[in-house]
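Participant: test case, fold it:
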Amino acid sequence: MAAPAASLRHDAGVIGLVGLAHMISHFSQLLLAPLFPWLKDALQASYTELGFLMTLFFVVSCSVQAASGFLVDRWGPRPILFAGLALLATAAFGYALSPGYWSVAFFSVIAGIGNGVFHPVNYTLLNRKVSAPRLGHAYSVHGVTGSLGWALAPAMLVPLAMLFSWRVALAAAGSLSLAVLATLWLSRNRLALPAAAPAHVAAGAAHFDFLRIPAVWMCFGFFFFYAVVLSTIQAFAPEAARQLHGVPVTLAAMCVTVYMVLGALGMVFGGFLASDPARCEKIVGLGFGMAALVALAIGLASLPALAIPALFGAMGFASGIAGPSRDLLVKRSTPDNATGRVYGIVYSGLDIGQAIAPLFFGALMDQGQYRGVWLGLVLMQAALIASAFNVRRVRRTAPART
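Facilitator: Okay, the predicted model is just below:
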(Lines give C-alpha, C1' and ligand atoms only; values in the text may rest on other atoms or scores of the structure.)
Protein backbone atom coordinates (compact mmCIF):
# COMPACT_ATOMS: atom_id res chain seq x y z
CA MET A 1 0.00 0.00 0.00
CA ALA A 2 1.42 3.40 -0.94
CA ALA A 3 1.90 6.06 1.69
CA PRO A 4 -0.70 8.82 2.14
CA ALA A 5 -0.06 12.20 0.56
CA ALA A 6 3.15 13.80 1.81
CA SER A 7 5.14 16.90 0.95
CA LEU A 8 7.36 16.96 -2.11
CA ARG A 9 10.36 17.62 0.13
CA HIS A 10 9.63 14.52 2.21
CA ASP A 11 9.12 12.29 -0.81
CA ALA A 12 12.18 13.65 -2.61
CA GLY A 13 14.35 13.03 0.45
CA VAL A 14 13.26 9.39 0.74
CA ILE A 15 13.57 8.79 -3.00
CA GLY A 16 17.04 10.34 -3.10
CA LEU A 17 18.40 8.29 -0.20
CA VAL A 18 16.93 5.04 -1.48
CA GLY A 19 18.29 5.84 -4.95
CA LEU A 20 21.78 6.43 -3.53
CA ALA A 21 21.71 3.03 -1.82
CA HIS A 22 20.45 1.41 -5.01
CA MET A 23 23.30 2.99 -6.98
CA ILE A 24 25.87 1.35 -4.69
CA SER A 25 24.10 -2.00 -4.95
CA HIS A 26 24.34 -1.95 -8.75
CA PHE A 27 27.83 -0.47 -8.67
CA SER A 28 28.97 -3.37 -6.49
CA GLN A 29 27.48 -5.93 -8.87
CA LEU A 30 29.94 -4.77 -11.54
CA LEU A 31 33.12 -4.54 -9.50
CA LEU A 32 34.68 -7.60 -11.15
CA ALA A 33 33.34 -7.73 -14.73
CA PRO A 34 35.04 -4.52 -16.01
CA LEU A 35 38.32 -5.78 -14.56
CA PHE A 36 38.19 -9.19 -16.28
CA PRO A 37 41.12 -8.30 -18.62
CA TRP A 38 43.31 -7.67 -15.55
CA LEU A 39 41.88 -10.46 -13.39
CA LYS A 40 42.23 -13.03 -16.19
CA ASP A 41 46.01 -12.66 -16.06
CA ALA A 42 46.38 -11.92 -12.34
CA LEU A 43 44.28 -14.90 -11.28
CA GLN A 44 45.26 -17.18 -14.20
CA ALA A 45 41.55 -17.80 -14.89
CA SER A 46 39.45 -18.49 -17.98
CA TYR A 47 36.32 -16.52 -18.91
CA THR A 48 34.23 -19.42 -17.61
CA GLU A 49 36.04 -19.30 -14.26
CA LEU A 50 35.62 -15.54 -14.06
CA GLY A 51 31.97 -15.97 -14.94
CA PHE A 52 31.68 -18.41 -12.03
CA LEU A 53 32.62 -15.57 -9.66
CA MET A 54 29.53 -13.71 -10.86
CA THR A 55 27.47 -16.90 -10.57
CA LEU A 56 28.62 -17.35 -6.98
CA PHE A 57 27.77 -13.73 -6.16
CA PHE A 58 24.24 -13.99 -7.53
CA VAL A 59 23.46 -17.45 -6.14
CA VAL A 60 24.25 -16.16 -2.67
CA SER A 61 22.39 -12.90 -3.32
CA CYS A 62 19.33 -14.86 -4.45
CA SER A 63 19.25 -16.93 -1.27
CA VAL A 64 19.69 -13.88 0.92
CA GLN A 65 17.16 -11.81 -1.02
CA ALA A 66 14.34 -14.30 -0.53
CA ALA A 67 15.08 -14.48 3.21
CA SER A 68 15.75 -10.77 3.73
CA GLY A 69 12.23 -9.89 2.62
CA PHE A 70 10.93 -11.60 5.78
CA LEU A 71 13.54 -9.80 7.89
CA VAL A 72 12.51 -6.45 6.41
CA ASP A 73 8.84 -7.09 7.19
CA ARG A 74 9.77 -8.27 10.69
CA TRP A 75 12.40 -5.71 11.77
CA GLY A 76 11.96 -2.80 9.35
CA PRO A 77 14.18 -1.90 6.40
CA ARG A 78 16.72 0.54 7.88
CA PRO A 79 18.99 -1.82 9.89
CA ILE A 80 18.97 -4.35 7.04
CA LEU A 81 20.01 -1.62 4.59
CA PHE A 82 22.95 -0.50 6.74
CA ALA A 83 24.16 -4.09 7.14
CA GLY A 84 24.05 -4.64 3.37
CA LEU A 85 26.12 -1.53 2.63
CA ALA A 86 28.71 -2.50 5.24
CA LEU A 87 29.09 -5.96 3.72
CA LEU A 88 29.53 -4.54 0.19
CA ALA A 89 32.30 -2.26 1.44
CA THR A 90 33.98 -5.17 3.22
CA ALA A 91 33.85 -7.30 0.07
CA ALA A 92 35.38 -4.56 -2.11
CA PHE A 93 38.34 -4.17 0.24
CA GLY A 94 38.60 -7.95 0.39
CA TYR A 95 38.80 -8.17 -3.39
CA ALA A 96 41.59 -5.59 -3.37
CA LEU A 97 43.65 -7.59 -0.88
CA SER A 98 42.98 -11.05 -2.33
CA PRO A 99 46.07 -13.16 -3.06
CA GLY A 100 44.36 -15.54 -5.49
CA TYR A 101 41.22 -16.80 -7.23
CA TRP A 102 39.60 -18.56 -4.27
CA SER A 103 40.05 -15.56 -2.03
CA VAL A 104 38.16 -13.48 -4.61
CA ALA A 105 35.51 -16.22 -4.63
CA PHE A 106 35.17 -15.97 -0.84
CA PHE A 107 34.58 -12.23 -0.98
CA SER A 108 32.10 -12.78 -3.81
CA VAL A 109 30.05 -14.66 -1.21
CA ILE A 110 30.32 -11.72 1.22
CA ALA A 111 29.30 -9.30 -1.54
CA GLY A 112 26.36 -11.53 -2.48
CA ILE A 113 25.09 -11.47 1.10
CA GLY A 114 25.27 -7.68 1.14
CA ASN A 115 23.63 -7.28 -2.26
CA GLY A 116 20.71 -9.54 -1.39
CA VAL A 117 18.98 -7.05 0.91
CA PHE A 118 18.47 -4.08 -1.39
CA HIS A 119 15.32 -4.80 -3.38
CA PRO A 120 13.17 -5.82 -0.37
CA VAL A 121 14.52 -2.81 1.56
CA ASN A 122 14.20 -0.25 -1.22
CA TYR A 123 10.73 -1.15 -2.43
CA THR A 124 9.42 -1.37 1.12
CA LEU A 125 10.69 2.16 1.78
CA LEU A 126 9.32 3.53 -1.49
CA ASN A 127 5.92 1.83 -1.31
CA ARG A 128 5.33 2.73 2.34
CA LYS A 129 6.91 6.20 2.59
CA VAL A 130 6.32 7.83 -0.84
CA SER A 131 2.86 9.17 -1.65
CA ALA A 132 0.91 7.36 -4.38
CA PRO A 133 0.94 10.15 -7.02
CA ARG A 134 4.76 10.14 -7.00
CA LEU A 135 5.35 6.39 -7.03
CA GLY A 136 5.87 6.21 -10.81
CA HIS A 137 8.59 8.84 -10.56
CA ALA A 138 10.03 7.10 -7.50
CA TYR A 139 10.40 3.90 -9.52
CA SER A 140 11.93 5.92 -12.32
CA VAL A 141 14.55 7.48 -10.04
CA HIS A 142 15.20 4.10 -8.46
CA GLY A 143 15.88 2.60 -11.87
CA VAL A 144 17.95 5.58 -13.00
CA THR A 145 20.24 5.42 -9.98
CA GLY A 146 20.69 1.69 -10.46
CA SER A 147 21.67 2.21 -14.08
CA LEU A 148 24.04 5.00 -13.07
CA GLY A 149 25.65 2.62 -10.59
CA TRP A 150 26.25 0.13 -13.39
CA ALA A 151 27.57 2.93 -15.59
CA LEU A 152 29.84 4.26 -12.86
CA ALA A 153 31.56 0.93 -12.21
CA PRO A 154 33.46 0.60 -15.53
CA ALA A 155 33.87 4.38 -15.83
CA MET A 156 35.60 4.51 -12.43
CA LEU A 157 37.36 1.14 -12.21
CA VAL A 158 38.89 0.85 -15.68
CA PRO A 159 40.77 4.19 -15.61
CA LEU A 160 42.02 3.49 -12.07
CA ALA A 161 43.20 0.03 -13.12
CA MET A 162 44.96 1.49 -16.15
CA LEU A 163 46.62 4.27 -14.14
CA PHE A 164 47.47 2.28 -11.02
CA SER A 165 46.26 -1.33 -10.65
CA TRP A 166 43.12 -3.41 -10.31
CA ARG A 167 43.72 -3.54 -6.55
CA VAL A 168 43.69 0.25 -6.26
CA ALA A 169 40.49 0.36 -8.31
CA LEU A 170 38.73 -2.08 -5.96
CA ALA A 171 39.97 -0.28 -2.84
CA ALA A 172 38.49 2.94 -4.25
CA ALA A 173 35.18 1.11 -4.74
CA GLY A 174 35.20 0.08 -1.08
CA SER A 175 35.83 3.67 -0.03
CA LEU A 176 32.84 4.85 -2.09
CA SER A 177 30.56 2.28 -0.42
CA LEU A 178 31.68 3.47 3.02
CA ALA A 179 31.04 7.09 2.07
CA VAL A 180 27.47 6.26 1.02
CA LEU A 181 26.90 4.29 4.23
CA ALA A 182 28.03 7.34 6.23
CA THR A 183 25.68 9.60 4.24
CA LEU A 184 22.68 7.36 4.89
CA TRP A 185 23.58 7.06 8.57
CA LEU A 186 23.56 10.85 8.94
CA SER A 187 20.10 10.94 7.33
CA ARG A 188 18.80 7.84 9.13
CA ASN A 189 15.70 9.57 10.53
CA ARG A 190 14.30 9.89 7.00
CA LEU A 191 14.57 6.11 6.60
CA ALA A 192 12.83 5.19 9.86
CA LEU A 193 9.97 2.75 9.28
CA PRO A 194 8.36 0.28 11.68
CA ALA A 195 7.92 -3.39 10.92
CA ALA A 196 5.10 -4.20 8.52
CA ALA A 197 3.39 -7.08 10.31
CA PRO A 198 -0.32 -6.20 10.61
CA ALA A 199 -2.61 -7.43 13.33
CA HIS A 200 -3.98 -10.40 11.37
CA VAL A 201 -0.45 -11.68 10.71
CA ALA A 202 0.53 -11.25 14.33
CA ALA A 203 -2.58 -13.18 15.28
CA GLY A 204 -1.40 -16.20 13.32
CA ALA A 205 -2.34 -15.83 9.65
CA ALA A 206 0.06 -17.57 7.29
CA HIS A 207 3.17 -15.64 6.28
CA PHE A 208 3.41 -17.60 3.05
CA ASP A 209 -0.04 -17.00 1.55
CA PHE A 210 1.45 -14.69 -1.09
CA LEU A 211 3.30 -17.68 -2.60
CA ARG A 212 -0.05 -19.01 -3.85
CA ILE A 213 -0.58 -15.98 -6.08
CA PRO A 214 0.27 -17.03 -9.68
CA ALA A 215 1.22 -13.49 -10.73
CA VAL A 216 4.02 -13.47 -8.15
CA TRP A 217 5.65 -16.44 -9.89
CA MET A 218 5.06 -14.96 -13.33
CA CYS A 219 6.88 -11.84 -12.11
CA PHE A 220 9.68 -14.09 -10.86
CA GLY A 221 10.00 -15.59 -14.36
CA PHE A 222 9.96 -12.15 -15.96
CA PHE A 223 12.85 -10.97 -13.81
CA PHE A 224 14.77 -14.17 -14.50
CA PHE A 225 14.79 -13.46 -18.24
CA TYR A 226 15.48 -9.77 -17.63
CA ALA A 227 18.53 -10.72 -15.58
CA VAL A 228 19.89 -13.06 -18.25
CA VAL A 229 19.67 -10.23 -20.79
CA LEU A 230 21.25 -7.68 -18.48
CA SER A 231 24.07 -9.94 -17.30
CA THR A 232 25.01 -10.83 -20.88
CA ILE A 233 25.07 -7.17 -21.95
CA GLN A 234 27.22 -6.20 -18.98
CA ALA A 235 29.76 -9.01 -19.03
CA PHE A 236 30.08 -10.37 -22.58
CA ALA A 237 28.21 -8.38 -25.22
CA PRO A 238 30.85 -5.62 -25.62
CA GLU A 239 33.64 -8.13 -26.23
CA ALA A 240 31.42 -10.19 -28.56
CA ALA A 241 30.60 -7.04 -30.55
CA ARG A 242 34.30 -6.11 -30.62
CA GLN A 243 35.18 -9.47 -32.14
CA LEU A 244 32.33 -9.36 -34.70
CA HIS A 245 32.80 -5.78 -35.88
CA GLY A 246 36.46 -4.97 -35.18
CA VAL A 247 35.65 -2.42 -32.48
CA PRO A 248 38.75 -0.86 -30.86
CA VAL A 249 39.25 -1.79 -27.20
CA THR A 250 38.66 1.78 -26.01
CA LEU A 251 35.30 1.96 -27.81
CA ALA A 252 34.26 -1.48 -26.57
CA ALA A 253 35.03 -0.41 -23.00
CA MET A 254 32.57 2.49 -23.41
CA CYS A 255 29.65 0.31 -24.50
CA VAL A 256 28.30 -0.66 -21.07
CA THR A 257 28.59 2.90 -19.76
CA VAL A 258 26.77 4.26 -22.84
CA TYR A 259 24.09 1.57 -22.44
CA MET A 260 23.54 2.44 -18.78
CA VAL A 261 23.57 6.22 -19.18
CA LEU A 262 21.05 6.08 -22.05
CA GLY A 263 19.09 3.50 -20.07
CA ALA A 264 18.85 6.01 -17.22
CA LEU A 265 17.51 8.66 -19.63
CA GLY A 266 14.99 6.15 -20.93
CA MET A 267 13.81 5.51 -17.38
CA VAL A 268 13.14 9.21 -16.85
CA PHE A 269 10.87 9.16 -19.90
CA GLY A 270 9.40 5.84 -18.80
CA GLY A 271 8.44 7.33 -15.45
CA PHE A 272 5.89 9.55 -17.20
CA LEU A 273 4.55 6.64 -19.26
CA ALA A 274 4.11 4.64 -16.04
CA SER A 275 1.55 7.15 -14.75
CA ASP A 276 -1.13 4.81 -16.13
CA PRO A 277 -0.57 1.35 -14.54
CA ALA A 278 -3.07 -0.29 -16.91
CA ARG A 279 -0.67 -0.03 -19.85
CA CYS A 280 2.51 -1.18 -18.11
CA GLU A 281 2.70 -4.52 -19.98
CA LYS A 282 2.38 -2.79 -23.35
CA ILE A 283 5.19 -0.36 -22.48
CA VAL A 284 7.39 -3.25 -21.36
CA GLY A 285 6.71 -5.11 -24.62
CA LEU A 286 7.42 -2.04 -26.75
CA GLY A 287 10.66 -1.13 -24.95
CA PHE A 288 12.20 -4.57 -24.92
CA GLY A 289 10.94 -5.30 -28.44
CA MET A 290 12.87 -2.32 -29.77
CA ALA A 291 15.95 -3.41 -27.80
CA ALA A 292 15.70 -6.91 -29.30
CA LEU A 293 15.67 -5.50 -32.84
CA VAL A 294 18.84 -3.52 -32.12
CA ALA A 295 20.51 -6.63 -30.67
CA LEU A 296 19.52 -8.62 -33.76
CA ALA A 297 21.13 -5.99 -35.98
CA ILE A 298 24.37 -6.11 -34.01
CA GLY A 299 24.42 -9.89 -34.18
CA LEU A 300 23.64 -10.31 -37.89
CA ALA A 301 24.37 -7.10 -39.80
CA SER A 302 27.69 -5.83 -41.09
CA LEU A 303 28.22 -2.61 -39.14
CA PRO A 304 31.01 -0.02 -38.80
CA ALA A 305 32.87 -0.10 -35.50
CA LEU A 306 31.88 3.46 -34.63
CA ALA A 307 28.18 2.50 -34.77
CA ILE A 308 28.43 -0.09 -32.00
CA PRO A 309 28.49 2.24 -28.94
CA ALA A 310 25.60 4.22 -30.45
CA LEU A 311 23.60 1.01 -30.90
CA PHE A 312 24.33 0.01 -27.31
CA GLY A 313 22.94 3.40 -26.33
CA ALA A 314 19.79 2.85 -28.40
CA MET A 315 19.34 -0.57 -26.83
CA GLY A 316 19.78 0.92 -23.35
CA PHE A 317 17.31 3.75 -23.98
CA ALA A 318 14.64 1.34 -25.25
CA SER A 319 15.12 -0.96 -22.26
CA GLY A 320 15.11 2.02 -19.89
CA ILE A 321 11.69 3.15 -21.12
CA ALA A 322 10.32 -0.17 -19.86
CA GLY A 323 11.96 0.12 -16.41
CA PRO A 324 9.30 1.92 -14.30
CA SER A 325 6.49 -0.08 -15.92
CA ARG A 326 8.48 -3.23 -15.11
CA ASP A 327 8.36 -2.32 -11.41
CA LEU A 328 4.62 -1.64 -11.61
CA LEU A 329 4.13 -5.22 -12.81
CA VAL A 330 5.25 -6.35 -9.39
CA LYS A 331 3.41 -3.72 -7.36
CA ARG A 332 0.11 -4.61 -9.01
CA SER A 333 0.65 -8.23 -7.96
CA THR A 334 1.68 -7.49 -4.35
CA PRO A 335 -0.72 -7.96 -1.41
CA ASP A 336 -0.82 -5.25 1.24
CA ASN A 337 1.72 -5.64 4.08
CA ALA A 338 3.77 -8.28 2.25
CA THR A 339 5.97 -5.92 0.25
CA GLY A 340 9.30 -7.15 1.59
CA ARG A 341 8.42 -10.82 1.13
CA VAL A 342 7.03 -10.43 -2.39
CA TYR A 343 9.90 -8.31 -3.63
CA GLY A 344 12.37 -10.67 -1.98
CA ILE A 345 10.95 -13.66 -3.89
CA VAL A 346 10.28 -11.88 -7.19
CA TYR A 347 13.64 -10.14 -7.39
CA SER A 348 15.46 -13.35 -6.53
CA GLY A 349 14.64 -14.16 -10.15
CA LEU A 350 17.14 -11.42 -11.00
CA ASP A 351 19.87 -13.13 -9.02
CA ILE A 352 19.15 -16.59 -10.43
CA GLY A 353 19.24 -15.24 -13.99
CA GLN A 354 22.49 -13.39 -13.32
CA ALA A 355 23.93 -16.55 -11.74
CA ILE A 356 23.12 -18.81 -14.70
CA ALA A 357 23.84 -16.44 -17.61
CA PRO A 358 27.62 -16.07 -17.07
CA LEU A 359 28.11 -19.85 -17.19
CA PHE A 360 26.26 -20.31 -20.48
CA PHE A 361 27.38 -17.15 -22.27
CA GLY A 362 30.90 -17.40 -20.85
CA ALA A 363 31.18 -20.86 -22.44
CA LEU A 364 30.03 -19.40 -25.78
CA MET A 365 32.75 -16.75 -25.48
CA ASP A 366 35.43 -19.34 -24.73
CA GLN A 367 34.33 -21.24 -27.87
CA GLY A 368 34.46 -18.09 -30.01
CA GLN A 369 30.68 -18.16 -30.65
CA TYR A 370 30.35 -14.37 -30.64
CA ARG A 371 27.35 -14.28 -32.98
CA GLY A 372 25.70 -16.92 -30.79
CA VAL A 373 26.01 -14.58 -27.82
CA TRP A 374 23.96 -11.94 -29.63
CA LEU A 375 21.39 -14.36 -30.99
CA GLY A 376 20.97 -15.85 -27.52
CA LEU A 377 20.45 -12.34 -26.23
CA VAL A 378 17.66 -11.76 -28.76
CA LEU A 379 15.99 -15.04 -27.78
CA MET A 380 16.04 -14.08 -24.10
CA GLN A 381 14.52 -10.67 -24.90
CA ALA A 382 11.67 -12.39 -26.76
CA ALA A 383 11.03 -14.63 -23.73
CA LEU A 384 11.10 -11.53 -21.54
CA ILE A 385 8.32 -9.86 -23.55
CA ALA A 386 6.17 -13.01 -23.50
CA SER A 387 6.56 -13.34 -19.72
CA ALA A 388 5.40 -9.74 -19.16
CA PHE A 389 2.10 -10.44 -20.89
CA ASN A 390 1.78 -13.69 -18.94
CA VAL A 391 1.84 -11.62 -15.75
CA ARG A 392 -1.20 -9.68 -16.96
CA ARG A 393 -2.97 -12.86 -18.08
CA VAL A 394 -2.67 -14.67 -14.74
CA ARG A 395 -3.49 -11.51 -12.79
CA ARG A 396 -6.73 -11.08 -14.75
CA THR A 397 -7.77 -14.72 -14.43
CA ALA A 398 -6.79 -15.20 -10.77
CA PRO A 399 -9.59 -15.20 -8.19
CA ALA A 400 -9.88 -12.14 -6.01
CA ARG A 401 -7.79 -12.16 -2.85
CA THR A 402 -9.42 -11.59 0.46
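Participant: C-alpha only now, for contacts and for neighbours.
Facilitator: OK.
Participant: show me where the stretch 51-200 of the chain has strands.
Facilitator: Applying DSSP state E, counting those that start in this stretch to the stretch 51-200 of the chain gives no strands.
Participant: was I right about A169 contacting A155?
Facilitator: No. Contact between A169 and A155 fails when scored by CA atoms under 8 Å: they sit 10.8 Å apart.
Participant: give me the more crowded residue out of the two.
Facilitator: A169 (25 against 17; other CA atoms under 10 Å).
Participant: so what pLDDT did F82 get?
Facilitator: At F82, the pLDDT value in this model is 93.
Participant: go on, A206?
Facilitator: A206 is given a pLDDT of 52.
Participant: can you give me the strands in the stretch 301-402 of the chain?
Facilitator: Under DSSP E, counting those that start in this stretch, the stretch 301-402 of the chain gives no strands.
Participant: just for it, where's the confidence low?
Facilitator: Along the stretch 301-402 of the chain, the model assigns pLDDT under 70 to residues 327, 329-344, 391-402.
Participant: repeat that with 90
Facilitator: 319-360, 362-363, 365-366, 383-402 (pLDDT under 90).
Participant: center of this protein - which residue?
Facilitator: H26 (6.0 Å; CA atoms, centre = their mean).
Participant: can you give me the buried ones in the helix or strand where that residue lies?
Facilitator: Using DSSP states H and E, H26 sits in helix 8-29. For helix 8-29, burial by neighbour count (16 or more other CA atoms under 10 Å) applies to 11-12, 14-15, 17-29.
Participant: for stretch 96-110, same thing?
Facilitator: Residues A96, S98, Y101, V104, A105, F106, F107, S108, V109, I110 are the ones in stretch 96-110 that count as buried (16+ other CA under 10 Å).
Participant: kindly report the same for stretch 58-74.
Facilitator: 58-73.
Participant: now, which of the residues you listed sits nearest L311?
Facilitator: Minimum distance to L311 across these is 27.8 Å, recorded for F58 (CA to CA).
Participant: the closest one and L359 touch, don't they?
Facilitator: No. F58 lies out of contact with L359 (CA under 8 Å); the separation is 11.9 Å.
Participant: ranking helices and strands of this structure by mean pLDDT, which lands last?
Facilitator: In the chain, no helix or strand scores lower on mean pLDDT, DSSP states H and E than helix 199-202, which sits at a mean of 44.
Participant: residue ranges with poor pLDDT in the stretch 101-250 of the chain?
Facilitator: 116-148, 150-152, 154-155, 158, 162, 187-227, 230-231, 234-236, 239, 248-250.
Participant: cutoff 80 now
Facilitator: Within the stretch 101-250 of the chain, the ranges that satisfy pLDDT under 80 run 127-129, 131-137, 139-140, 143, 147, 192-219, 249-250.
Participant: picking up where we left off before, after the least confident helix or strand of the chain, which helix or strand is next? Please name it.
Facilitator: helix 214-235.
Participant: helices or strands up against the next helix or strand after that following helix?
Facilitator: Reading on from helix 214-235 to the C-terminus, the next helix or strand found by DSSP H and E is helix 237-245. When contacts are defined as 3 or more CA pairs under 8 Å, 6 or more residues apart in numbering; DSSP states H and E, helix 237-245 packs onto helix 249-273, helix 280-300, helix 370-397.
Participant: distance to L176 and mean neighbour count added to those, as TSV?
Facilitator: Shown next, in TSV, are those (distance: least, CA to CA, whole Å; neighbours: other CA atoms under 10 Å):
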stretch	distance to L176	mean neighbour count
helix 249-273	18	23
helix 280-300	32	21
helix 370-397	32	19
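Participant: for A310, which of the ones you listed is the nearest?
Facilitator: Set against A310 and scored by CA to CA, the helices and strands packed on helix 237-245 come closest in helix 249-273, at 7.7 Å.
Participant: coming back round to it: I'd like the helices and strands packed on helix 237-245 laid out as CSV, including distance to A179.
Facilitator: Shown next, in CSV, are those (distance: least, CA to CA, whole Å):
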stretch, distance to A179
helix 249-273, 22
helix 280-300, 35
helix 370-397, 36
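Participant: those helices: which one's closest to F220?
Facilitator: Across those, closest to F220 is helix 370-397 (CA to CA), at 9.4 Å.
Participant: and L181, what is it in contact with?
Facilitator: F82, L85, A86 (CA atoms under 8 Å, 6 or more residues apart in numbering).
Participant: and it, how close does it get to A86?
Facilitator: According to CA to CA, to the nearest Å, L181 and A86 sit 7 Å apart.
Participant: try A237
Facilitator: For A237, the distance to A86 - CA to CA - is 31 Å.
Participant: also G143?
Facilitator: For G143, the distance to A86 - CA to CA - is 22 Å.
Participant: neighbour count winner among these two?
Facilitator: G143 (27 against 18).
Participant: what sits against that one?
Facilitator: A264, M267, G323, P324.
Participant: widest-spaced pair of these?
Facilitator: A264 and P324 (10.8 Å).
Participant: am I right that R190 is in contact with I15?
Facilitator: No. If you go by CA under 8 Å, R190 and I15 don't touch, sitting 10.1 Å apart.
Participant: let me know the pLDDT of A2.
Facilitator: Predicted confidence (pLDDT) at A2: the value is 47.
Participant: change the start of the numbering to 369 and stick with it
Facilitator: Taking 369 as the first residue, the last one we looked at is A370.
Participant: if you drop the residues flanking it in sequence, what lies closest to G655?
Facilitator: A686 (4.7 Å; CA to CA, 6 or more residues apart in numbering).
Participant: the one you found contacts A632, correct?
Facilitator: No. The pair A686 / A632 is not scored as a contact, 10.2 Å apart, by CA under 8 Å.
Participant: the residue nearest to the centre of the chain: what's it in contact with?
Facilitator: Neighbours of H394 in contact, by CA under 8 Å, 6+ apart: G514, S515, G517, W518.
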